[in-house]
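Engineer: 3D, please:
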Amino acid sequence: MDNLTLVTEFVLLGFPTQPNLQIVLFLLILILYIATVLENLAIITLVVLDRQLHRPMYIFISNLSFVETIFTTTTTPKMLLGFVADRRTISLAQCFTQLYFFLSLGTVECALLTVMSYDRYVAICNPLHYGTIMTNKMCTILATICWAIGFLWIVMPIYLISQLVFCGTNVMNHFICDMSPLFALTCTRSFITECTCYTFSTTMILIAFLLTILSYTSIVTTIMKIPSTSGRQKSFSTCTSHLTVISIFYGSLIFMYVRPPNAKAALNMDKVIALFYTVITPLVNPLIYSLRNKDVARAVQKAMGRNRIL
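Structural biologist: Numbers count the residues shown, from 1 in each chain. Below is the predicted model of the structure:
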């Protein structure tokens, strides 16, 4: 250890391709990033300005849009810089900071999706008590708890990772700082640290996922008891958007983080999956919630009508 040079910065390998293709990828991801930010900010603005959207479901959707905006901003600008910069470096402090926000915001999203499934459960399984259970005050409390859980749950893993010693090669086979590529660059692998970090991530993902499944099991059971076909279809349609987002989100998340610490990480595949849920998912989620939602469509038409008048 005395003869090894300690690493003070990492070189993010990113997606090594031909220069022309680098420019194409830069422009494509830049367009997707701008579209993502604008879409999510538009949803937040609509929910804030339109009083008819001051309801539990839309309060949670606006929180989710805010998470998606910060989440993609945490990683995408650095990735875009890597396509055009000569040096794709990131300091240890910046790396750990990016990792903290990256994991924390992902945890907040897990918690929010779980609370949103509970909101659907109350709306369908206890419709007569929905107004007294899911008040705006209760929604604010639940959203605050989601944010608190997200930023506190990741403190211990980040602290353990920050105590690792990095030496030798500093080339990270990724476009962001993530746990697997960081563990691959440590001087000596720490089983306790890796096991603890993956236990924290796996526990949060599985608890949130199982609570969501539990809510939707009750929802499906209740819907199947509805005698009319049109009533069942109407009830199912209120859950379609949320189920689609859950499937996309947890599908990529479980593949990335719900695995034993000694599993051989396929870092190239991890990069593709990470690109999907850092760029594509934040872009698609607001579209999923908006396209099939009559209230959001009405709010958009109302806002456009005001702009024409002005």
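
Engineer: so S237 is in which element?
Structural biologist: helix 229-257 (DSSP states H and E).

Engineer: just checking, what packs against the helix or strand following that helix?
Structural biologist: Once helix 229-257 ends, the next helix or strand along the chain (criterion: DSSP H and E) is helix 267-275. The contact analysis (3 or more Cβ pairs under 8 Å, 6 or more residues apart in numbering; DSSP states H and E) places helix 267-275 against helix 179-184, helix 229-257. Quick note: C-beta positions are derived from backbone N, CA and C, even for glycine.

Engineer: hang on, the earlier thing: which strands or helices does the helix holding S237 pack on?
Structural biologist: By 3+ Cβ pairs under 8 Å, 6+ apart, helix 229-257 packs against helix 92-125, helix 191-224, helix 267-275, helix 281-291.

Engineer: Relative to G150, which of those helices is closest?
Structural biologist: helix 92-125 (3.2 Å; Cβ to Cβ).

Engineer: What mean pLDDT does the closest one get?
Structural biologist: Per-residue pLDDT values over helix 92-125 give a mean of 92.

Engineer: after that helix comes which helix or strand?
Structural biologist: Using DSSP H and E, the first helix or strand after helix 92-125 is helix 130-133.

Engineer: rewinding a little: same list (the helices and strands packed on helix 267-275) but as CSV, adding distance to S62, mean pLDDT and mean neighbour count.
Structural biologist: CSV is the format used below for the helices and strands packed on helix 267-275 (distance: least, Cβ to Cβ, whole Å; pLDDT from 0 to 100; neighbours: other Cβ atoms under 10 Å):
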stretch, distance to S62, mean pLDDT, mean neighbour count
helix 179-184, 30, 86, 20
helix 229-257, 14, 75, 16
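
Engineer: Adding distance to P157, write the ones you listed out as CSV.
Structural biologist: Shown next, in CSV, are the helices and strands packed on helix 267-275 (distance: least, Cβ to Cβ, whole Å):
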stretch, distance to P157
helix 179-184, 8
helix 229-257, 11
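
Engineer: burial of S201, as a residue count?
Structural biologist: 23 (other Cβ atoms under 10 Å).

Engineer: That one touches P157, doesn't it?
Structural biologist: Yes: under the criterion of Cβ atoms under 8 Å, S201 makes contact with P157 at 7.3 Å.

Engineer: Mutual contacts of these two, please.
Structural biologist: Jointly contacting S201 and P157 under the rule Cβ atoms under 8 Å, 6 or more residues apart in numbering are 103, 179.

Engineer: quick one on the thing from earlier: now, of the helices and strands packed on helix 229-257, which is deepest in the fold?
Structural biologist: helix 92-125 (a mean of 21; mean count of other Cβ atoms under 10 Å).

Engineer: elements contacting that one?
Structural biologist: Short answer (3+ Cβ pairs under 8 Å, 6+ apart): helix 92-125 packs on strand 9-12, helix 56-84, helix 130-133, helix 136-153, helix 155-162, helix 179-184, helix 191-224, helix 229-257.

Engineer: same thing but 6 Å
Structural biologist: Packing contacts for helix 92-125, counted by 3 or more Cβ pairs under 6 Å, 6 or more residues apart in numbering; DSSP states H and E, involve helix 56-84, helix 130-133, helix 136-153, helix 191-224, helix 229-257.

Engineer: What's the mean pLDDT across the strand or helix carrying L38?
Structural biologist: Per DSSP H and E, L38 falls inside helix 19-49. In this model, helix 19-49 has an average pLDDT of 89.

Engineer: and that helix, what other elements does it pack with?
Structural biologist: Looks like helix 19-49 contacts helix 56-84, helix 281-291 (3+ Cβ pairs under 6 Å, 6+ apart).

Engineer: and it with helix 56-84, angle?
Structural biologist: Using axes from the mean of the first three to the mean of the last three Cα atoms, to 10 degrees, one finds that helix 19-49 and helix 56-84 are set 160 degrees apart in direction.

Engineer: Can you give me the buried ones in helix 19-49?
Structural biologist: Buried residues in helix 19-49, counted by 16 or more other Cβ atoms under 10 Å: 22, 25-26, 29, 32-33, 36-37, 39-40, 42-44, 46-47.

Engineer: ditto for stretch 75-90
Structural biologist: So for stretch 75-90, counting by 16+ other Cβ under 10 Å, buried means 75-76, 78-80, 82-83, 88-90.

Engineer: Lovely, talk soon.
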